[in-house]
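K.L.:
One predicted model, sequence on top.
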Amino acid sequence: MLDSSKYLDFSPEVQQAKSENKPIVALESTIISHGMPYPKNVATALEVEATIRAQGAIPATIAIINGRLKAGLTQQEIEHLGKAGQQVPKVSRRDLPFIISRKLDGATTVAATMIIAHLAGIPIFATGGVGGVHRGAAASMDISADLQELANTPVAVVSAGVKSILDIGLTLEYLETYGVPVVGYQTSEFPAFFTRKSGFGVDYQVDTPEAIAEALQAMKDLNFSGGMLIANPVPQQHQMDKTVIDQAINQAIQEATQQQISGKAVTPFLLSRIEQITQGNSLFSNIQLVLNNAILASKIAIALNKPA
């Protein structure tokens with residue numbers, strides 16, 4: 001039997017929530033250290049947590065502090081990750097043993113957050129967008145570890161789709177191959193992060209948090225090993241003009257290629273450049289969709305937590 005307590009700490013708030021069987025929503029920390037500049041990153045992280053509490057659930061922002069896996073952060077720890085920014089390593093599955101053994105800090109990606117959430121017994125996780133198959137992957141083989149984590153770790157992820165800098169069609173094909181259900185919340189079309197439409201469909205449209213919770217419970221009862229991707233479109237009033245965002249993405253990708261940026265550095269570079277090109281509009285949209293996902297994840301967590 002795995003003894004996760006050897007590496008895992010709960011914040012007092014999350015520990016109390018677990019002891020009182022309250023609904024909990026996991027949150028990632030890459031968005032704090034690598035997703036946006038200080039102090040906007042800290043303010044956004046605290047706002048997302050407050051949004052979850054307002055819905056009646058408990059937030060568990062996940063990170064690594066001094067080699068300890070953290071399910072729930074204090075405000076001081078969030079401030080620390082925000083101020084340190086990109087000096088904090090971006091941590092996925094492959095990095096966890098080394099960040100732990102060297103007692104370093106780490107900002108968790110979707111994949112690492114899913115792993116730690118599962119260790120902590122938290123079945124639902126809200127983020128902005130998950131990683132996926134990068135454009136040009138036929139040559140580069142650049143495919144996010146997030147997809148394999150969705151195939152193998154039983155945590156449901158609420159997102160506004162995959163990041164629109166990716167190849168959405170190939171990402172969905174990859175998820176289909178590995179048996180990951182892709183659910184559209186009140187939509188039959190897979191959203192494209194900054195916009196509500198991508199031209200691609202979802203496996204199932206589900207219109208209530210309760211119906212999603214019922215499907216997640218069925219997956220648990222069947223002992224499925226993988227997770228579920230719950231695609232929640234950015235609110236209509238906060239989506240970006242498709243032509244504007246597509247032009248910004250194409251320009252940023254071209255610049256990344258010219259500067260030979262690759263690996264972990266690609267996504268932060270692209271999101272930063274897109275923000276600059278759109279004069280901050282993409283960052284505003286990003287924040288709004290994260291808040292929207294936090295609300296839906298809270299409602300699903302509450303539905304999951306109700307007695308059968």
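P.N.:
Cool, the structure landed. Just so we're clear, the structure is a prediction, and the values are computed from it rather than from any experiment.
K.L.:
what about the longest strand anywhere in the chain, distance to the chain center?
P.N.:
In terms of residue count, the longest strand belonging to the chain (DSSP state E) is strand 58-65. Counting by Cα atoms, centre = their mean, to the nearest Å, strand 58-65 is centred 12 Å from the centre of its parent chain.
K.L.:
From the chain's centroid, how far away is the helix or strand just after that strand?
P.N.:
Remark: after strand 58-65, the chain's next helix or strand is strand 68-71, criterion DSSP states H and E. Centroid displacement of strand 68-71 relative to its chain, using Cα atoms, centre = their mean, is 17 Å.
K.L.:
what's the answer for stretch 300-307, then?
P.N.:
20 Å.
K.L.:
is it true that P89 touches I99?
P.N.:
Yes: at 6.3 Å, P89 counts as touching I99 under the criterion of Cβ atoms under 8 Å. C-betas here are computed from N, CA, C, even on glycine.
K.L.:
shared neighbours, those two?
P.N.:
Taking Cβ atoms under 8 Å, 6 or more residues apart in numbering as the contact rule, P89 and I99 both touch D105, G106.
K.L.:
ok, those two, which is more surrounded?
P.N.:
Neighbour totals were compared for P89 and I99, and I99 leads with 21 against 18 (other Cβ atoms under 10 Å).
K.L.:
And the helices in the stretch 51-200 of the chain, which stretches?
P.N.:
75-84, 96-101, 110-119, 137-140, 145-152, 168-177 (DSSP state H, counting those that start in this stretch).
K.L.:
any idea which of those is most buried?
P.N.:
Counting by mean count of other Cβ atoms under 10 Å, helix 110-119 has the highest mean neighbour count of those, with a mean of 26.
K.L.:
State the distance from the residue most central in space within the chain to Q247.
P.N.:
Geometric centre of the chain, nearest residue: T127, 3.0 Å, by Cα atoms, centre = their mean. Using Cβ to Cβ, to the nearest Å, we find T127 at a distance of 25 Å from Q247.
K.L.:
got a pLDDT number for the residue nearest to the centre of the chain?
P.N.:
pLDDT recorded at T127 is 97.
K.L.:
before we move on, what about the one 3 residues further on?
P.N.:
According to the prediction, V130 has pLDDT 94.
K.L.:
Quick one: residues contacting the closest residue in space to F10 that isn't next to it in sequence.
P.N.:
Of all residues not flanking F10 in the chain, A71 sits nearest, at 5.1 Å (Cβ to Cβ, 6 or more residues apart in numbering). Counting by Cβ under 8 Å, 6+ apart, A71 touches 8-11, 14, 26, 60, 62, 116-117, 119-120, 122.
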